[in-house]
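# 3D, please:
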Amino acid sequence: MKKFLLILMIFVISGCVAGELKEDRRRLYEMNSDKEICEKNPKRCIGGVAW
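A predicted model of the protein is given here:
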C-alpha cells in the first residue's frame, strides 16, 4: 500500500509540473510581463500590471 501511494504521489506531482501552457494561458502570462502596455496606456494598469 505504501508503494502504491508513493507512485501515485509521484505521478500527481510530475503531472502538475510537466507540460507546456495552452495557447490562451501562454498569451495571458506573456501579456502581464509586457511593460509596453503600461507605458502606452497607463489607465489600463494598476501597480504596473495590465488588466
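# which SS class is the residue nearest the centre of the chain?
Nearest residue to the geometric centre of the chain (CA atoms, centre = their mean): Tyr29, 5.8 Å. Per DSSP: H, G, I helix; E, B strand; the rest coil, the local secondary structure of Tyr29 is helix.
# Okay, and the residue nearest to it when sequence neighbours are not counted sits in which element?
Closest residue to Tyr29 in three dimensions, ignoring its sequence neighbours and counting by CB to CB, 6 or more residues apart in numbering: Leu21, at 6.4 Å. C-betas here are computed from N, CA, C, even on glycine. In the assignment (DSSP states H and E), Leu21 maps to no helix and no strand.
# Tell me how many other residues crowd Leu21.
11 (other CB atoms under 10 Å).
# Repeat that for the one 5 residues further on.
By other CB under 10 Å, the residues close to Arg26 number 11.
# I would like the residues contacting the strand or helix carrying it, please.
Assigning secondary structure by DSSP H and E places Arg26 in helix 23-33. Contact with helix 23-33 is made by 20-21, 37, 49-50, as judged by CB atoms under 8 Å, 6 or more residues apart in numbering.
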